[in-house]
Each structure stands twice: as structure tokens, then as C-alpha cells.
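Enquirer: what would the 3D arrangement of this be:
(2 chains)
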Number of protein chains: 2
Amino acid sequence: MPTVIAVDAMGSDRAPKPEIEGAILAARDYDVRVLLVGEETRLRAFLADHPRAAQLPIGVVHASEAIGMREPPARAVRAKRDSSMRVGLRLVREGRAAGFVTAGNTGAAMATAKMVLGTLAGVDRPALAAVFPTATGKASILLDVGANVDSRPHALQQFAVMGEIYSRHIFGVARPRVGLLSIGEEESKGNELTRHAFALLKELPLDFVGNVEGRDLYRGAVDVIVCDGFAGNVALKVSEGVADLVRALLKESLESTVAAKVGFLLARHAFQDFKRRLDYSEYGGAPLLGVKGACIITHGSANNNAVKNSIRVAAEFSTRNVMARIEEELSSRRGKPRHAAGKETRERIHS
Amino acid sequence: MPTVIAVDAMGSDRAPKPEIEGAILAARDYDVRVLLVGEETRLRAFLADHPRAAQLPIGVVHASEAIGMREPPARAVRAKRDSSMRVGLRLVREGRAAGFVTAGNTGAAMATAKMVLGTLAGVDRPALAAVFPTATGKASILLDVGANVDSRPHALQQFAVMGEIYSRHIFGVARPRVGLLSIGEEESKGNELTRHAFALLKELPLDFVGNVEGRDLYRGAVDVIVCDGFAGNVALKVSEGVADLVRALLKESLESTVAAKVGFLLARHAFQDFKRRLDYSEYGGAPLLGVKGACIITHGSANNNAVKNSIRVAAEFSTRNVMARIEEELSSRRGKPRHAAGKETRERIHS
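Expert: Residues are numbered from 1 along each chain as shown, chains lettered A, B, ... in the order given. Purely as a prediction, here's the structure:
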């Protein structure tokens, strides 16, 4: 039986084109059935232009509304009860789909997922996990990249557990190395949050390597990097900013002279290779870890390849029981006594 | 009369070579006299290899110790009373130099500068300001990038004032646009610190454009971006990480086939242009704003060009009276009544 994945067909900047094409690629290459969620007439018209779609396991589920990229999430989630996001996530809650993929408004997707799916037992705060390319070719996972702000040390401890399970079961890393994002390697370096989180991460039965710095995101020496959602979102957006600037400057420089243009033509396969290796979309989107169901959020500028990979990751979350493993690990930790240092920390920060 | 700049000749990874060569370039091109601070015998031996140095206004001041890159700053500052940093900064305090440049241990440099020079009247916390290249070719300034952690909203307000003065008097921007680093554009977006800092930044008599995101560092639409030292340090290190990865992947890809290698040779001027435009060192190092004297900290991997530009910036700080302007602005603000919202904020966060 193929795994059923619901795809928000109205989410991306160029919706529904990348969503429909990504669905076709995924349905062709993986053992999945895709339910495209959105305005039915429009989606059927698009599908009619892709004759091979008729032979593939692709269905359409109607949703009368769509949430725009610029809409304030809280209002959109409240007002649009028949949005493609809400309808898609409802399919997961009702067991009609095993996972959900959207390239839409990230804030609205996170809020809708928390509301419709709810949070796993043992999880205080879901976290958005982003994947970064590294020098070694391995991916590194950073979480949280924006599901929360002002996190407590205890939340960072849970992020570490969730990220480690994600790394093991989706990326197949046998014993992931977990680091804490800070501004210096020594335990004493960092802010109040990281110093207290450090103590809690040391308690966990996983390979905690201590503090890491922003550079380590791209070095590939660490598999999972934990941080609060503010710092993580800054790291993610700054990375996108540098990558955009690099592309723009490289393009300008390579178009500046005839010799450079000829050089570029000769080296164009090398540039394609370079672009592919720097491309996050190869890894699929960012999962919202800790909600009851696989929910993958990909970039608004996602192309069909990014949608395809997000569908693959959503299906893998389901077949490999990632959420169940997170719940098991975190609810079993609930009963365990914690270090006095840990407790004290949380009280000091939140008194 | 040339402006006298003291240069820590023992700071960088390859000291004293880049320092001495940078000093020679600066003394040749600018109206400065450079005092190289470090082990005198060693420095004189190096200078002897550069015959033209003898014709230039370059002096040597002896310091018997040097602080290593990996030394814990607090200990190094306490233990090494005759370090090249301490001796160099003492020259500034005693009025024998107008500014100081180091490519050494950043933590030690900041701690030594605060201790030896002291903080300007009206400044609660000095801030380290880094300069980023942007798509428009203009520089953007980010502060604080690591002089402080766990900053108060009020400190961010002072950072805005200092960064704006830096942008006006060093980069010549007539009316700098100032943004607050956050994770969404609306005023309500961000963490507790940024939401409260937003209210305080609105009170300032400068062009505050509201929240900006990590991507905006590289877009050139904002001249000054304010943040706490933890987020700023993450942004800086992540940027360096992406840039390193880009260079490594590009190099690998361009060496992968004969066609790519030939293409690279044809386009090599374009690549040099690209590298130069992405190179932070063109702008000089990062000034520590808010201490009594110009103190410029540049990267440990600084080359002679980075040292040269840092010397230029240190001299400009002095001739354009940047620190005096900061003191004037911030001590005059001291007496002014502040919004009730601002006060309440500080009390809530720090109770």
C-alpha cells in the first residue's frame, strides 16, 4: 500500500505549478499516493495539461480558501477555516493521509499544524528543523529555526532529543553528534539560556559534543545543532542572504567580460554541480517536529524538485515512525528525575 | 601632522608578517605614522627585510608578551601585563597614539580595551560593529557582534546611536537607515528583547525603519542593523561559514573536469573580482564602539590589505572625532525623560 501524503497545492509563490509537478515526480518515483489540496477546478485544469498524471496515484481534495504569504498567520488561521492548509492537515488528523507538505506561509503552517494535529505527549514545544549542506557532503540539522521565541533551557533539551531522532531515522546517522549553538566553545561561553541548556544537554543519553559556533553549521562535523528559535531563524535567513549575494555577485562578475562569459560556458556543468550542492531543496523541506503527524514545510520559492523531496521525507517520517519514537523517548523522560542544576536553572530563568 | 596608530604586531595567525606589510602599505598611502607593538628584536629583523620601511613613518614599541588566539581572554588579560595588546592600548590612553589596531584574540582585545581605555561617558556597554558587503555595493553595519551577551533593550538603543554615528562619519551616509534584527517585519514579531527594544528605538531622533531579517544584512537597503551580541555573533559566524563553504564547493566543482579548469582560467579575473567583492577586509576591521579611543579589531586570518584598511579606519575615527560624537550624543540623552513604555520594559526584563 502506498503511503498517502497530502500536499497544500496553493502554498508556494508560483502555486500550484511546482506543487503539481512535484507531486507527479514523487508519485512516479516513490511508493506514495499524493492528495493535492486546493481549489478543485483549478487543480483539475492544471492536471489536464499533464497527461501522465492520469496514470499516477494522484487525487484532488477541494479547499475553497488559500492563505497568502504576506497574511499575518494568527488572523489567517482564525479566519480561513477552509484553507488548503487546514483541510490538508485535517486529512492527517483523520488518518486519511500519513503526512502533509506545504510551501506556504511558514507561520500559518506552524500555527495550523499545532492547532489541527496537536502536540505529542511529552513535548512542550514543537520545533522547526532545517537542513543545511556541509563541506563533507553530509547534511547538518539546525533546530529550532523559528517555531518558538524565548525558549527555556528545558525546551532546548527536548529539541536535542527530537533532532537526534530525526538525524538517525531520516538521514541514517548511526550515532548523531549533537551540538549547542553558542558563541564560543567552552562550556562557560554563551548567554544565560545556552549556559543552562548546556547542563541539561549533558544529562541526555546521546552524543553531546558541547558548544558549537555559527561556522560549524557548514563544516559537517556535527549532525544536529540545537538553538532557540530566534537565533536559529537568524542563522537560516543570514545563510539565505549570503547565498543570494554570492549568486548575484558571481553572475555579475561572470558576465563582465567576453573571456569570463566564454569561461562560464566551458565551466557550466561545474556551476550546475556547485549550485546543486549548495541547494537546500535536495534534502526536502523543514519538518515541524513534535506535532502528531508528519508536517513538512518547504520554502515559498520551492521548485518541483523541492516539493518532490518534501513528499519523500513526509512519507519516510510515516513509514519510519519518527513521531512515535519522539513521543516514546520524551514521555519516558518525563518521569525521570532531573539534575538539581537543571531544575534550578529553569526556576532562575522563569521566576 | 600624521595621525599616529598603534598596531599590535603579534596578533594575527601569521604575525608579524601581515601586520608589518599592512603597516608599510598604510604608511605609504595615508597620512599616518604607525607604531608596531611587539617583540622589538623580531620586528626590527622583519623590517630589515623591507628596505622601503626605513623611508616610511614606522616606529617600533617593545612589548615582551603576546596573547595567543586560543588563550582564555580573562586569564590572558590578567596574567600578561606586558602583552602587545596592553602596551598598544596604553599608547592610546597616554595620548601617544590616536588609535589601535589588532588582528588578535577578539575576546582579549575587547577586555583589554575596556580595561585600559575605559568606557565613554553615557555608554553602558561598548559594542563590536562588523561590516558586511551587500548586493548594492554599499556596506551594512551590524552591531553588537559579540562584545555582550544578554543585552538589555536600553543597550540596543545605545547600539543604534553608536552605529548610526559610525555609518555617518566613516561611511559618509547622510541619513543612515537603522533596522532592528528580528524574525519578522511587523513590530509584534521577535522575542521579548526585540519587542521592547523596538519601542526604545522609535524614540530616537534617527531613521529607524523597524524590524529587519537576517537576509537584509546582504541586501543593502539598511545601513545599520542592531541586535544583541549573541544573535550578532551567530550572524557573523554563519556568514563566514557559508562563504567558506561556497569557496570550497566552487573550487572543487571548477577542478572537476578539464573543461571546467579551462573555463576557470578564462574567467579568472571575474573570480578575483567576485572574491574581492565578497571580502569583508576591504572595509577594515570591526571597531569596538563606546570605549575611550579608536580600537579596531580585525580577523585573525587578516592579510596585509585588511591590516592596511584597519589602520585607515582607526585614523578616520580619530580625525573625524567619532568617539567624541558618540559621547556627546549619549551623554546628552542621559538627562532626557524616556517613554513610560521604555522604563517599564527594562524593569520587567530585569526584575
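Enquirer: how about the strands of the stretch 1-150 of chain A, start to end?
Expert: Using DSSP state E, counting those that start in this stretch, the strands of the stretch 1-150 of chain A run over A:3-8, A:32-38, A:58-62, A:99-102, A:127-133, A:139-143.
Enquirer: nearest to chain B, out of these?
Expert: Nearest of those to chain B, taken as C-beta to the nearest C-beta: strand A:127-133 at 7.2 Å. Just so you know, the C-beta spots here come from the backbone N, C-alpha and C atoms, and that holds for glycine as well.
Enquirer: list the helices and strands that closest one packs on?
Expert: strand A:139-143, helix A:153-170, helix A:229-254, strand A:286-289 (3 or more C-beta pairs under 8 Å, 6 or more residues apart in numbering or on different chains; DSSP states H and E).
Enquirer: make JSON lines out of those and add mean pLDDT and distance to residue B:180.
Expert: Output for those, formatted as JSON lines (pLDDT from 0 to 100; distance: least, C-beta to C-beta, whole Å):
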{"stretch": "strand A:139-143", "mean pLDDT": "94", "distance to residue B:180": "23"}
{"stretch": "helix A:153-170", "mean pLDDT": "97", "distance to residue B:180": "24"}
{"stretch": "helix A:229-254", "mean pLDDT": "87", "distance to residue B:180": "12"}
{"stretch": "strand A:286-289", "mean pLDDT": "96", "distance to residue B:180": "25"}
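Enquirer: which one of these lies nearest to chain B?
Expert: helix A:229-254 (2.9 Å).
Enquirer: so for the next helix or strand after that closest one, mean pLDDT?
Expert: Per DSSP states H and E, helix A:229-254 leads on to helix A:258-266 as the next helix or strand towards the C-terminus. Predicted confidence along helix A:258-266 averages 80 (mean pLDDT).
Enquirer: TSV please, covering the strands of the stretch 1-150 of chain A and showing distance to residue A:177 and mean neighbour count.
Expert: TSV is the format used below for the strands of the stretch 1-150 of chain A (distance: least, C-beta to C-beta, whole Å; neighbours: other C-beta atoms under 10 Å in any protein chain shown):
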stretch	distance to residue A:177	mean neighbour count
strand A:3-8	30	28
strand A:32-38	31	27
strand A:58-62	39	18
strand A:99-102	27	33
strand A:127-133	14	26
strand A:139-143	9	27
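Enquirer: mind checking the SS state of the nearest residue to residue A:134 once chain neighbours are set aside?
Expert: Excluding the flanking residues, the one nearest residue A:134 by C-beta to C-beta, 6 or more residues apart in numbering or on different chains is residue A:220, at 3.2 Å. What DSSP: H, G, I helix; E, B strand; the rest coil gives for residue A:220 is coil.
Enquirer: check contacts around residue A:220.
Expert: Residue A:220 is in contact with A:134-138, A:140, counting by C-beta atoms under 8 Å, 6 or more residues apart in numbering or on different chains.
Enquirer: can you put the strands of the stretch 1-150 of chain A in a markdown table and add distance to residue A:90?
Expert: Putting the strands of the stretch 1-150 of chain A into a markdown table (distance: least, C-beta to C-beta, whole Å) gives the following:
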| stretch | distance to residue A:90 |
| --- | --- |
| strand A:3-8 | 9 |
| strand A:32-38 | 9 |
| strand A:58-62 | 9 |
| strand A:99-102 | 9 |
| strand A:127-133 | 21 |
| strand A:139-143 | 26 |
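Enquirer: give me the domain ranges for chain A.
Expert: Domain segmentation of chain A under automatic domain parsing yields A:1-118+A:291-320, A:129-282+A:321-351.
Enquirer: hey, which helix or strand in chain A has the poorest pLDDT?
Expert: Ranked by mean pLDDT, DSSP states H and E, the weakest helix or strand in chain A is helix A:340-350, scoring a mean of 37.
Enquirer: show me where chain A dips below the pLDDT cut-off.
Expert: A:279-282, A:334-351 (pLDDT under 70).
Enquirer: pick out the residue nearest the middle of it.
Expert: In chain A, the residue lying closest to the centroid (C-alpha atoms, centre = their mean) is residue A:286, at 0.7 Å.
Enquirer: hey, what's it bridged with?
Expert: residue A:297 (DSSP bridges).
Enquirer: might one say that it is in contact with residue A:128?
Expert: Yes - using C-beta atoms under 8 Å, residue A:286 is in contact with residue A:128, at 5.2 Å.
Enquirer: mutual contacts of the two, please.
Expert: With C-beta under 8 Å, 6+ apart as the test, residue A:286 and residue A:128 both reach A:145, A:297.
Enquirer: relative to residue B:65, which of the domains of chain A is closest?
Expert: Among those, the nearest to residue B:65 by C-beta to C-beta is domain A:129-282+A:321-351 (22.1 Å).
Enquirer: for stretch A:267-280, buried residues please.
Expert: A:267, A:270-271, A:273-274, A:277-278, A:280 (16 or more other C-beta atoms under 10 Å in any protein chain shown).
Enquirer: can you give the contact residues for that stretch?
Expert: A:130-133, A:137, A:243, A:264, A:282, A:299, B:245-246, B:249-250, B:253-254, B:256-257, B:259-260, B:262-264, B:267.
Enquirer: now list the buried members of those.
Expert: A:130-133, A:243, A:264, A:299, B:245-246, B:249-250, B:253-254, B:260, B:263-264, B:267.
Enquirer: and the nearest residue to residue A:126 once chain neighbours are set aside, how many neighbours?
Expert: Of all residues not flanking residue A:126 in the chain, residue A:290 sits nearest, at 3.6 Å (C-beta to C-beta, 6+ apart). Residues lying near residue A:290 (other C-beta atoms under 10 Å in any protein chain shown) number 31.
Enquirer: tell me how far residue A:290 lies from chain B.
Expert: For residue A:290, the distance to chain B equals 19 Å [C-beta to the nearest C-beta, to the nearest Å].
Enquirer: would you confirm that that residue contacts residue A:123?
Expert: Yes - in terms of C-beta under 8 Å, residue A:290 counts as a neighbour of residue A:123; the distance is 4.0 Å.
Enquirer: quickly list what's touching both of the two.
Expert: A:158, A:162, A:326.
Enquirer: so who does the first one touch?
Expert: Residue A:158 makes contact with A:123-125, A:127, A:290, A:330, according to C-beta under 8 Å, 6+ apart.
Enquirer: now swap in the last one and tell me
Expert: Residues in contact with residue A:326, defined by C-beta under 8 Å, 6+ apart, are A:120, A:122-123, A:161-162, A:165, A:289-290.
Enquirer: hang on, residue A:299 packs against residue A:305?
Expert: No - in terms of C-beta under 8 Å, residue A:299 does not count as a neighbour of residue A:305; the distance is 11.5 Å.
Enquirer: what ranges does the stretch 51-200 of chain A have for its helices?
Expert: A:73-79, A:84-93, A:106-117, A:153-170, A:192-202 (DSSP state H, counting those that start in this stretch).
Enquirer: enumerate the residues of the stretch 1-150 of chain A near chain B.
Expert: A:72, A:107, A:133-135, A:146, A:149-150 (C-beta under 8 Å from any C-beta of the partner chain).
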